[in-house]
Every structure is written in C-alpha cells, then in structure tokens.
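Asks: Got a sequence here, can you build the structure:
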Amino acid sequence: MKPRANTEQRLVEKLKKITCKNKTRPVEDIHRSMDIVEHVLHEATDLGIAPNVVTWALKYMKQNPKLDISDAMVMALEYWVE
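Replies: Here you go, the predicted structure:
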C-alpha cells in the first residue's frame, strides 16, 4: 500500500470516529453524513488534495465543535477548489 493511501485511510478512520461519537443523532443522519464525507473524499482524491481537505475539515470542526463533519468536509473542499 502506498504511504499516501495509508495516510488517507488513517484520516478517514479518524473522521469516522468523530462522526460516531455523537450518538444523539438518528442513524439515518449519520449515514447521510458518511455518504457526503465519502463523496467529498473521492472528489478530493481525484484532485490530489484529500489530505488538505481532511486537515481543514478537522480545523473547522475544532473551531466549531457543533459543526457536522459533512458540512466541515464540504467547506474544506470548497476552500481548496476555489
């Protein structure tokens, strides 16, 4: 496995743990969030910016702990694509 792919996988696992910590959300919402995260990661990977997008999403979530992971990922992708 490539080192870059391994790094991306670790970042995805970290994002999954963050998403699953919030047990008060309905399962459907968590699945929707994960679908969005997956889509954003595929887009970011295709553009070669996946580590950057994940890092910025984590920064956004650190600044605003109530921010949903899918929203943070979309914001980060938008930042890096603009």
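Asks: okay, CA-based contacts and neighbour counts for the rest of this
Replies: OK.
Asks: Return the helix ranked longest in the chain as PDB; C-alpha atoms alone will do.
Replies: The longest helix of the chain (DSSP state H) is helix 27-47. Output in PDB follows, covering the C-alpha atoms of helix 27-47 (Å, rounded to 0.1, in the frame of the first residue of the first chain):
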ATOM      1  CA  VAL A  27     -28.700   6.600  12.300                       C
ATOM      2  CA  GLU A  28     -30.100   8.000   9.000                       C
ATOM      3  CA  ASP A  29     -28.400  11.300   9.700                       C
ATOM      4  CA  ILE A  30     -25.100   9.600  10.400                       C
ATOM      5  CA  HIS A  31     -25.400   7.500   7.200                       C
ATOM      6  CA  ARG A  32     -26.200  10.700   5.200                       C
ATOM      7  CA  SER A  33     -23.100  12.400   6.700                       C
ATOM      8  CA  MET A  34     -20.900   9.500   5.900                       C
ATOM      9  CA  ASP A  35     -22.200   9.400   2.300                       C
ATOM     10  CA  ILE A  36     -21.300  13.100   1.900                       C
ATOM     11  CA  VAL A  37     -17.900  12.600   3.500                       C
ATOM     12  CA  GLU A  38     -17.200   9.700   1.200                       C
ATOM     13  CA  HIS A  39     -18.300  11.700  -1.900                       C
ATOM     14  CA  VAL A  40     -16.100  14.600  -0.800                       C
ATOM     15  CA  LEU A  41     -13.100  12.300  -0.200                       C
ATOM     16  CA  HIS A  42     -13.500  10.800  -3.700                       C
ATOM     17  CA  GLU A  43     -13.600  14.300  -5.200                       C
ATOM     18  CA  ALA A  44     -10.600  15.400  -3.200                       C
ATOM     19  CA  THR A  45      -8.700  12.300  -4.000                       C
ATOM     20  CA  ASP A  46      -9.300  12.800  -7.700                       C
ATOM     21  CA  LEU A  47      -8.000  16.300  -7.400                       C
END
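Asks: Packing partners of the helix or strand following it?
Replies: Downstream of helix 27-47, the next assigned helix or strand under DSSP states H and E is helix 50-63. Helix 50-63 sits against helix 3-21, helix 27-47, helix 69-81, with contacts defined as 3 or more Cα pairs under 8 Å, 6 or more residues apart in numbering; DSSP states H and E.
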